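Chemist: below: sequence and its predicted model.
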Amino acid sequence: MDEQGGATWMNREPPRGSAGVAAALSPAAEKTAALAEKITAEGGFAFVGSLEKAAGGDRAAAEAAREMAWEQLHAGPWHSVVPAWRDAYAATCLYAAGFHADDGDLPEALKILDLGLIMGGLLLREDLERGVEIVLERSKGGSGGEDRGVCAGILGGIDRGNESEVLRDLPPGSLTSNMVGRQFSLSMERFICDYFQRGCPVVMVGSIDHWPALTKWKDLRYLEQVAGDRTVPVEVGKNYLCDEWKQELITFSEFLKRTISPESCKTDMTYLAQHPLFDQVQELRNDIMVPDYCFTGGGEIQSINAWFGPAGTVTPLHHDPHHNLLAQVVGKKYVRLYPASISAELYPHTETMLYNSSQVDLDSVDLEKFPKFEGLEFVDCILAEGEMLYIPPLWWHYVRSLTPSFSVSFWWAT
Ligand SMILES: O=C(O)CCC(=O)C(=O)O
């Protein structure tokens with residue numbers, strides 16, 4: 001192993017004995033050298049040694065290095081992970097995926113590359129994307145990428161479910177008082193003056209009618225075809241504040257199966273929530289467009305996230321620091337909003353990780369424990385297909401899907 005973490009990488013050959021995908025996926029020597037230097041500075045000598053062997057074609061070393069990086073990613077809270085370890089994880093995914101692809105195990109190779117995209121850093125992002133392209137291209141020659149029939153029988157789109165039943169589950173007082181204002185084809189000028197500058201929510205109607213997603217995403221066969229083999233993170237359980245809640249990594253196909261199965265919806269509500277799916281699947285990214293409103297205030301897009309799940313998913317009352325346009329592509333959602341000015345009455349959690357979530361469970365409010373919550377004014381709405389809700393920064397929001405639903409959020413900062 002090179003204690004200086006780098007020099008031996010510079011004149012390196014592609015992994016030995018791998019004229020195929022492993023060679024194509026092998027990261028550039030300069031990048032690996034820079035990475036090795038950073039990981040050495042973090043004390044990861046064993047990792048650097050294994051990575052070097054992986055680069056020389058040692059498959060067991062590649063897996064060992066991937067294991068070491070994985071442990072680093074899971075050693076504490078996500079925000080405290082040293083960024084170099086995320087890059088390190090991505091590097092090991094490239095090597096490991098290459099070995100699997102050369103063995104003909106393309107699904108495993110794709111899964112590993114997706115894990116690299118989901119959990120890896122930015123250094124090797126393009127390499128991972130190129131790897132996905134290579135593996136998908138090879139899969140076309142085999143059985144991958146075809147209609148696997150998971151969604152057979154629902155050609156007309158997603159089953160709408162029983163909406164009136166779901167409406168009964170809304171928190172008491174919903175849809176009875178102040179509704180969020182609705183504006184058809186809202187001009188940029190009016191958006192800025194009446195909503196953005198005043199920090200007021202608004203539902204925009206007719207602003208995303210041109211998105212191909214509006215028609216394409218109703219067809220589950222299309223979704224399965226473009227993303228079925230991809231691995232995605234999902235949330236399982238009532239909501240992220242509940243004890244039995246967990247996260248899983250599953251294929252998009254498996255997720256679709258769970259979303260359309262009434263049985264699994266009852267037992268294990270699975271929500272593909274707050275995931276930058278469009279950074280992962282280019283076809284889906286091509287189906288949407290960043291609304292011009294998102295550049296208001298000279299801002300920059302922070303993230304574009306997918307929120308896809310069955311009827312009954314709940315995102316509990318919380319706030320985010322960014323401007324948000326929540327675009328409803330398929331199905332309907334109920335959204336309730338409280339202004340930032342009454343934060344204290346919403347009893348924010350005191351732990352650092354949950355500081356932006358309310359302790360008040362809107363689905364079962366305990367007024368003895370949270371007396372200041374009683375009678376608080378809010379605005380709410382049902383966000384229908386093709387509509388977009390502007391949520392100003394720090395406004396508290398509670399969201400419940402009334403049907404199977406696919407939404408996209410655009411967060412931007414100024
Ligand atoms: O749609 C949801 O379930 C939650 C959306 C949300 O919280 C957001 O866009 O910030």
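Modeler: Structure's in. What do you need? Since we're looking at a predicted model, the values are computed, not measured.
Chemist: checking Tyr271 next. Helix, strand or coil?
Modeler: strand (DSSP: H, G, I helix; E, B strand; the rest coil).
Chemist: give the other helices and strands that the helix ranked longest in the chain contacts.
Modeler: When the chain is scanned for its longest helix (criterion: DSSP state H), the result is helix 83-102. For helix 83-102, the helices and strands in contact under the criterion 3 or more Cβ pairs under 8 Å, 6 or more residues apart in numbering; DSSP states H and E are helix 21-25, helix 29-41, helix 45-55, helix 59-73, helix 106-119, helix 125-141. Every residue, glycine included, has its C-beta placed from N, CA and C.
Chemist: can you say which of those helices is nearest to the ligand?
Modeler: helix 106-119 (19.1 Å; Cβ to the nearest ligand atom).
Chemist: tell me how far the closest one lies from the chain's centre.
Modeler: 15 Å (Cα atoms, centre = their mean, to the nearest Å).
Chemist: verify the stated contact: His319 with Pro392.
Modeler: No: using Cβ atoms under 8 Å, His319 is not in contact with Pro392; the gap is 9.7 Å.
Chemist: how about the residues of the chain near the ligand?
Modeler: 307, 315, 320, 324, 326, 333, 397, 399, 407, 409 (Cβ under 6 Å from any ligand atom).
Chemist: the fifth one in helix, strand or coil?
Modeler: What it means is Leu326. strand.
Chemist: roughly how far does it sit from Val399?
Modeler: Separation of Leu326 from Val399 (Cβ to Cβ, to the nearest Å) stands at 8 Å.
Chemist: before we move on, the earlier item: most widely separated two among the residues of the chain next to the ligand?
Modeler: Asp320 and Lys333 (16.2 Å; Cβ to Cβ).
Chemist: and these two? which has more neighbours close in?
Modeler: Set side by side, Asp320 and Lys333 show more neighbours around Lys333, with 24 against 17, by other Cβ atoms under 10 Å.
Chemist: do I have it right that the more buried one meets Pro404?
Modeler: No: taking contacts as Cβ under 8 Å, Lys333 lies outside contact range of Pro404: 10.8 Å.
Chemist: turn the helices and strands packed on helix 83-102 into a markdown table, columns for mean neighbour count and mean pLDDT.
Modeler: A markdown table is the format used below for the helices and strands packed on helix 83-102 (neighbours: other Cβ atoms under 10 Å; pLDDT from 0 to 100):
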| stretch | mean neighbour count | mean pLDDT |
| --- | --- | --- |
| helix 21-25 | 22 | 92 |
| helix 29-41 | 19 | 95 |
| helix 45-55 | 23 | 96 |
| helix 59-73 | 20 | 97 |
| helix 106-119 | 23 | 97 |
| helix 125-141 | 17 | 93 |
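Chemist: dump those helices to TSV, plus distance to Leu284.
Modeler: Shown next, in TSV, are these (distance: least, Cβ to Cβ, whole Å):
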stretch	distance to Leu284
helix 21-25	23
helix 29-41	28
helix 45-55	32
helix 59-73	25
helix 106-119	14
helix 125-141	13
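Chemist: ok so, going back, common neighbours of Leu326 and Val399, please.
Modeler: 307, 335 (Cβ atoms under 8 Å, 6 or more residues apart in numbering).
Chemist: could I get the pLDDT score of the residue of the stretch 151-300 of the chain found nearest the ligand?
Modeler: When scored by Cβ to the nearest ligand atom, the stretch 151-300 of the chain has Ala273 as its residue closest to the ligand, at 6.1 Å. Per-residue confidence (pLDDT) for Ala273: 97.
Chemist: now the stretch 251-400 of the chain, which segments are flagged as low pLDDT?
Modeler: Counting by pLDDT under 70, the stretch 251-400 of the chain has low-confidence residues at 262-266.
Chemist: ok, which stretches of it are helices?
Modeler: 252-260, 262-267, 277-280, 282-285 (DSSP state H, counting those that start in this stretch).
Chemist: also the stretch 101-250 of the chain?
Modeler: Read by DSSP H, counting those that start in this stretch, the stretch 101-250 of the chain holds these helices, from start to end of the chain: 106-119, 125-141, 163-167, 188-190, 213-216, 220-227.
Chemist: nothing else from me, thank you.
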